[in-house]
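S.K.: Need a 3D model of the sequence below.
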Amino acid sequence: MLKKLILKNWKSFRYAELPIDSLTVLIGANASGKSNAIEALDFLRRTSLGENFNSILQQIRRNPNYLAWNNRKYFSLGVVVGDIEEETSFFYDLEIEINSNSRLSYLQELLQQGDQYNRIGYLIKPDGKLIWANIQGIPGTEFPIEFVDSSKLSFFARSKMDNTSAPNAENVDIKYIGYWKVASVLENIFILNPKPEKMRDYAPITQDLLNDASNLAGVIAQLSEQQLSRFNQTISSYVKHLPERDIQRVWATPVGELETDAMLYCEEEWKPGEKIKIDARSMSDGTLRFIAILTALLTRPKGSQLIIEDIDDGLHPSRFDLLLKMLQEIGSQRQIDILVTTHNPAFLDRLAPDMTPFIIVAHRDSETGESRLTPLEEIHNFPKLYASDSIGNLVTKGAIERGAARTSD
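M.R.: Below you'll find the predicted structure:
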């Protein structure tokens with residue numbers, strides 16, 4: 001599971017740490033740094049899948065000259081990951097240089113057991129040799145490796161390109177090495193930003209939900225009868241609490257002679273006993289986003305990190321309580337950690353008091369302009385502020401940002 005993100009010289013951050021729990025809420029004004037933190041996780045996810053650094057830039061559409069804080073020529077992205085049982089943690093750090101020709105090159109990577117202050121050894125050294133760290137008493141083993149265009153690839157990319165495996169050195173048991181743990185955690189980061197306008201048409205039948213949920217119909221269509229039954233049982237158990245009681249059942253049907261595409265349908269009941277079937281073209285934006293979020297929760301692999309940007313977008317405030325209940329209960333049942341971003345006061349007001357330790361405030365330092373990430377509970381004078389008003393109202397009045405500014409002084 002992902003436990004922490006560490007940013008050094010990344011975009012608007014000079015240095016920041018984002019702690020991640022089972023449900024973490026990242027709040028902040030526009031241009032405070034929320035999206036920059038999410039893009040860092042996306043960058044790491046793409047490196048774990050074997051993508052070339054510069055091809056990642058094309059995907060996220062970023063000029064490399066704006067990737068580093070204050071025109072620095074390098075940045076590093078780190079994560080702390082742990083077992084689901086939280087018995088062992090590993091720290092992984094990727095350091096990247098921005099060359100004079102505005103291209104990215106690998107500097108070094110670090111893998112170690114424990115937190116970032118207990119340095120054990122490098123995963124890859126700048127001299128091109130791989131080191132397996134001395135973990136749990138097993139001697140570190142070093143051996144040379146050669147890669148194609150290695151300066152533009154992380155170890156994850158190189159291992160996929162060249163089929164690099166563990167050294168066959170005597171007395172080295174690779175099960176103690178955290179590389180596979182880090183890789184599996186990063187690969188299972190999923191950033192969801194549903195776009196209702198892309199979910200209304202026919203979609204190819206596929207297994208994995210896309211980031212914009214444009215293939216929502218295709219993902220639901222490939223569910224087995226048993227899976228679809230559980231899916232609708234889950235929907236029913238939650239939507240019955242909605243004041244509108246609109247969504248009763250959701251399904252998708254293959255269409256066309258080849259049945260390679262599907263259309264999404266739902267059954268609504270606005271009047272008792274009067275059910276109406278409609279397709280995605282007639283569904284509201286809020287209904288489509290709600291179904292997309294639920295689909296991600298029910299189809300992502302166990303142990304995934306689900307990130308939902310602007311969680312409240314398109315949803316009526318009457319659904320916020322239900323949405324939070326759904327995130328917490330299904331996330332816990334399926335061991336999926338969830339990070340959401342928002343700046344909606346109405347959504348923040350629905351957070352229970354026991355959620356305050358898991359609210360992180362993104363804000364800008366008034367003197368340096370750098371982005372900072374501060375836990376809400378560490379905001380200057382927060383207990384007094386919280387006793388006087390709700391979190392949503394405090395955000396609306398700017399009290400949280402003023403408190404954050406005083407905290408960073």
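
S.K.: Tell me how far the closest residue to residue 41 other than its chain neighbours lies from residue 371.
M.R.: Spatial nearest neighbour of residue 41, chain neighbours left out: residue 189 (5.5 Å); criterion: Cβ to Cβ, 6 or more residues apart in numbering. Every residue, glycine included, has its C-beta placed from N, CA and C. As defined by Cβ to Cβ, to the nearest Å, residue 189 lies at a distance of 20 Å from residue 371.

S.K.: Tell me which of those two has more neighbours.
M.R.: Neighbours were counted for residue 189 and for residue 371 using other Cβ atoms under 10 Å; residue 371 has more, 24 against 21.

S.K.: Show me what the residue nearest to residue 41 is bridged to.
M.R.: When bridges are called by DSSP bridges, residue 189 pairs up with residue 305.

S.K.: so what's it up against?
M.R.: 2, 41, 42, 44, 45, 304, 305, 307 (Cβ atoms under 8 Å, 6 or more residues apart in numbering).

S.K.: And for the residue lying closest to the third one once chain neighbours are set aside, the neighbour number?
M.R.: Setting aside the residues directly before and after it, residue 42 is nearest to residue 191 in space (Cβ to Cβ, 6+ apart), at 5.8 Å. Neighbour count for residue 191, taken as other Cβ under 10 Å: 17.

S.K.: so which helix or strand takes in residue 191?
M.R.: strand 189-192 (DSSP states H and E).

S.K.: which stretches of this structure form helices?
M.R.: Ranges of helices in the chain, per DSSP state H, are 34-48, 53-60, 155-162, 179-187, 216-221, 225-239, 285-299, 320-333, 345-348, 382-388, 391-396, 399-407.

S.K.: For my notes, please list these in a markdown table and give distance to residue 357, mean neighbour count and mean pLDDT for each entry.
M.R.: Shown next, in a markdown table, are the helices of the chain (distance: least, Cβ to Cβ, whole Å; neighbours: other Cβ atoms under 10 Å; pLDDT from 0 to 100):
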| stretch | distance to residue 357 | mean neighbour count | mean pLDDT |
| --- | --- | --- | --- |
| helix 34-48 | 18 | 22 | 93 |
| helix 53-60 | 31 | 15 | 77 |
| helix 155-162 | 32 | 20 | 53 |
| helix 179-187 | 22 | 19 | 82 |
| helix 216-221 | 33 | 26 | 95 |
| helix 225-239 | 25 | 15 | 82 |
| helix 285-299 | 22 | 22 | 91 |
| helix 320-333 | 14 | 17 | 92 |
| helix 345-348 | 15 | 20 | 92 |
| helix 382-388 | 11 | 14 | 90 |
| helix 391-396 | 13 | 20 | 91 |
| helix 399-407 | 15 | 20 | 86 |
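
S.K.: Tell me which of those helices sits nearest to residue 101.
M.R.: Of all the helices of the chain, helix 53-60 sits nearest to residue 101, with 10.7 Å by Cβ to Cβ.

S.K.: Return that closest one as PDB; C-alpha atoms alone will do.
M.R.: What follows is helix 53-60 as a C-alpha-only set of coordinates in PDB (Å, rounded to 0.1, in the frame of the first residue of the first chain):
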ATOM      1  CA  PHE A  53      10.800   9.500 -19.400                       C
ATOM      2  CA  ASN A  54      10.400  11.700 -22.400                       C
ATOM      3  CA  SER A  55       7.400   9.800 -23.700                       C
ATOM      4  CA  ILE A  56       5.800  10.400 -20.300                       C
ATOM      5  CA  LEU A  57       6.200  14.100 -20.800                       C
ATOM      6  CA  GLN A  58       4.200  13.800 -24.000                       C
ATOM      7  CA  GLN A  59       1.500  12.000 -22.200                       C
ATOM      8  CA  ILE A  60       1.100  14.500 -19.400                       C
END
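
S.K.: Might you quantify the distance of it from its chain's geometric centre?
M.R.: 18 Å (Cα atoms, centre = their mean, to the nearest Å).

S.K.: Counting by contacts, list what that helix packs against.
M.R.: Packing partners of helix 53-60 (3 or more Cβ pairs under 8 Å, 6 or more residues apart in numbering; DSSP states H and E): helix 34-48, strand 104-113.

S.K.: Among the ones you listed, which comes closest to residue 183?
M.R.: helix 34-48 (5.2 Å).

S.K.: Run the angle between that closest one and helix 53-60 for me.
M.R.: Here the directions of helix 34-48 and helix 53-60 differ by 140 degrees (axes from the mean of the first three to the mean of the last three Cα atoms, to 10 degrees).

S.K.: if I look at the closest residue to residue 187 other than its chain neighbours, how far off is residue 201?
M.R.: Excluding its sequence neighbours, the residue lying closest to residue 187 (Cβ to Cβ, 6+ apart) is residue 48, at 4.9 Å. Distance, residue 48 to residue 201, using Cβ to Cβ: 31 Å.

S.K.: contacting residues around residue 355?
M.R.: 23, 25.

S.K.: Next one: it from residue 33, what distance?
M.R.: 21 Å.

S.K.: partner residues bridging the closest residue to residue 185 other than its chain neighbours?
M.R.: Leaving aside its sequence neighbours, residue 185 sits nearest to residue 81 (Cβ to Cβ, 6+ apart; 4.4 Å). Assessed by DSSP bridges, residue 81 has beta-bridge partners residue 2, residue 90.

S.K.: list the contacts for the most centrally placed residue in the chain?
M.R.: Centroid-nearest residue in the chain, with Cα atoms, centre = their mean: residue 307, separated by 3.4 Å. Residue 307 sits next to 38, 41, 189, 190, 191, 192, 338, 339, 340, 341 when contact means Cβ under 8 Å, 6+ apart.
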